[in-house]
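Q: coordinates only, sequence not included:
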DNA sequence: CACGTTTGTTTATTAAATCAACAATGTAAA
DNA sequence: TTTACATTGTTGATTTAATAAACAAACGTG
């Protein structure tokens, strides 16, 4: 629908928003310099965003060294809207509410028997609805992470062993049932989205985000199930591969095979160092070649990897990769699911299809709220 | 230098050229439909290209089913210019001259002692110069493939064991010494570029291109040296990784380790099936996990892999990947090097840097030849 | 042969950028 | 204090490149 002229404006506006997001506290003139656009163009783009309160004035900056008018420092209004991120597992969930700056406003954890994807998410949402509505920030989107192979673009779940799903058209089934748009993705990819969000100022290019996650098995108490997941970010965007299965590890490196690492003791879980060593040998034997072929700029080890930091560092010592152990917790996937939504909000819209029906991506902030507020 | 308005025109012009390249024999109106631009816009973009003879009229198409004026079918003028592609090895080279449609106009093979990168390429060029100049198509660029880790964007050779190079600023050393622009890249990446060119109508998204190449060792007669190279294409573009080393395989899978596969017999080279089997087991043990993690839409096995086709098919039979054995010959790398240049000619120009000095990519066809012809 | 259809061009119009001038606001030296 | 100068940000005129609309050209069909 939007013609090429309007599209240019939309794209430029999006560039402005991205710049504001990445370099919060920047002046209009500095934006114009970074984007190579005229000063007046930025003024014209920014002012409507200010009126809509998507952008806000932070403060007056100090005047430049040689004198001159003080720059007016701008930034994204992080309270323009909130995002609900849900980490959906077989029999439990966790969830976070974040603002547009990726700051956590609220968090939840709970048990929830899985009863179909849409149904379960609806239940969780109605469980949290009151909490969300009493916040001063209105909800504008939901992101969901599940242990599955997901075509996020199409909203299509290909395969989810632990949830017993195959070829589910989520978008169609969820149509009209939620008050805000819902996006789903693989949980490991969500964590990669979260890493993109947390490091947005660094404008990371290529990195791998590997997580070590524990799941309680359905019914059983112990041992827990290990999930090793890899999220791949290339050129600043999550890479899905041609079948949405990029980053999936072989079965024998996941699940029960390594379950005897965790031994139940009197107080709780205890780690069998020998079993751990054997498992990590096998794992890194697999991973290191992958690292070499991808040649990422950085590798993040999240989740329970932080508990085995020294082991990981030993295995990585032969390589020249930059290794990173981000602070992580049980909410990583939920946080990442929310981050995914935020990242998509600020992505520069492109004509999708390229071929037929030129349709704009549906998450563009300005277009969505142009009339409403 | 070019402002945002001119940039839009350049980008749209580039889209038109890409469309013409991918779907040769297309009418203006059909282009306008595919790109979502107005008919008159396409007319205005195409006509200058016709005058410059970058684009040519193919023929009158048949009139549409319900009557109406016959569409004027357009296509890239493949003879607007020619590209020299060079495959540079330690003590020999091969080269091809292609037109803009990736058709081979001429080819050469020869021995050439390596004497520094720029010097050697210059020698090869002067060797072929007369042949090239007597062609009716003017040379507009040179692409070079070398067995090395290369930062193509910067024109910087990081490491080339067999050529004894380390940290060489090619662009600086070559400055002003060639009559046309020269681009260098890793040889495996070149082959991937070649595959992109050969399959341009298919608009491939993600694929891996794996080659099995033989090199004569310096001085020695036998055994030859094996080079296994992987070119990675993601989102329709060659992926280089953060250190330009993406796709590099571990040392022990290359070189001499598998040399005893080739045995010299009375008539020539003979293959030791047992040694081959052991080697391929090891190789595919390495490759299959890589395939799974990349989740490509297709995998090409080129070079000598075609001789071991049944072996490869056996190893790949457990997977669900689409396997492809393209017709290949000794000129693949050279052809790919030329293809790389052509592909870059037709890439949509983007502001590089994004941050500072907004500079346009230097290969844009129209801009380069606007005044000249 | 009249009529509808499709391609492609021409001219007027429009959207969104730039350009240039200027107001506002600051530092620093005279 | 005053003057000069530097920098940010806005306003109005101008330019550019797209679209829109009308039309010419070419073709098939009843």
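A: Nice, I can see it. The model shown is predicted, which means the values in this text are computed figures rather than measured ones. Residues are numbered from 1 along each chain as shown, chains lettered A, B, ... in the order given.

Q: Contact partners for residue A:41?
A: Contacts for residue A:41 were tallied using C-beta atoms under 8 Å, 6 or more residues apart in numbering or on different chains; they are A:12, A:32, B:4. (Glycine included, C-beta is placed from N, CA and C.)

Q: Please tell me how far the residue of the stretch 151-300 of chain A found nearest DNA strand D sits from DNA strand C.
A: DNA strand D sits closest to residue A:201 of the stretch 151-300 of chain A, with a gap of 20.0 Å, by C-beta to the nearest atom of the strand. Residue A:201 sits at a distance of 25 Å from DNA strand C (criterion: C-beta to the nearest atom of the strand, to the nearest Å).

Q: for that residue, phi and psi?
A: Recorded main-chain torsions at residue A:201 are phi -70, psi -20, according to degrees, to the nearest 10.

Q: Now do it: how many residues are near it, please.
A: Using other C-beta atoms under 10 Å in any protein chain shown, the number of residues around residue A:201 comes to 10.

Q: Pull up the gap between the spatially closest residue to it that is not a sequence neighbour and chain B, please.
A: Taking C-beta to C-beta, 6 or more residues apart in numbering or on different chains as the measure, residue A:201 lies nearest to residue A:22, with 5.9 Å between them; neighbours along the chain are not counted. Here the distance between residue A:22 and chain B works out to 11 Å (C-beta to the nearest C-beta, to the nearest Å).

Q: doesn't residue A:203 make contact with residue A:22?
A: Yes. With the criterion set as C-beta atoms under 8 Å, residue A:22 and residue A:203 qualify as a contacting pair; they are 6.3 Å apart.

Q: Show me the shaky parts of chain A.
A: Applying pLDDT under 70 to chain A flags the ranges A:1-2, A:216-224, A:254-259, A:263-269, A:351-363, A:371-373.

Q: tell me the domain boundaries of it?
A: Structurally, chain A divides into domains by automatic domain parsing as follows: A:4-76, A:82-189+A:334-369, A:199-329.

Q: Quick one: the ones you listed as JSON lines, columns for distance to residue B:116 too.
A: Written out in JSON lines, the entries for those read as follows (distance: least, C-beta to C-beta, whole Å):
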{"stretch": "domain A:4-76", "distance to residue B:116": "39"}
{"stretch": "domain A:82-189+A:334-369", "distance to residue B:116": "44"}
{"stretch": "domain A:199-329", "distance to residue B:116": "27"}
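
Q: What segments of the stretch 201-350 of chain A are strands?
A: Defined through DSSP state E, counting those that start in this stretch, the strands belonging to the stretch 201-350 of chain A, from first to last, are A:207-215, A:225-234, A:237-238, A:262-264, A:269-271, A:298-303, A:323-324.

Q: closest one to chain B among these?
A: The closest approach between chain B and any of the strands of the stretch 201-350 of chain A, judged by C-beta to the nearest C-beta, belongs to strand A:225-234 at 6.1 Å.

Q: on contacts alone, who are the packing partners of that closest one?
A: Of the remaining helices and strands, those touching strand A:225-234 by 3 or more C-beta pairs under 8 Å, 6 or more residues apart in numbering or on different chains; DSSP states H and E are helix A:187-198, strand A:207-215.

Q: can I get those in JSON lines with distance to residue A:323 and mean neighbour count?
A: Formatted as JSON lines, those follow (distance: least, C-beta to C-beta, whole Å; neighbours: other C-beta atoms under 10 Å in any protein chain shown):
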{"stretch": "helix A:187-198", "distance to residue A:323": "13", "mean neighbour count": "28"}
{"stretch": "strand A:207-215", "distance to residue A:323": "10", "mean neighbour count": "23"}
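
Q: Could you dump the ones you listed into CSV and include distance to residue A:118?
A: Shown next, in CSV, are the helices and strands packed on strand A:225-234 (distance: least, C-beta to C-beta, whole Å):
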stretch, distance to residue A:118
helix A:187-198, 18
strand A:207-215, 22
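
Q: rewinding a little: keep only those of the contacts of residue A:41 that are also close to DNA strand C.
A: Checking the contacts of residue A:41 against DNA strand C by C-beta under 7 Å from any atom of the strand, the ones in range are A:12, B:4.
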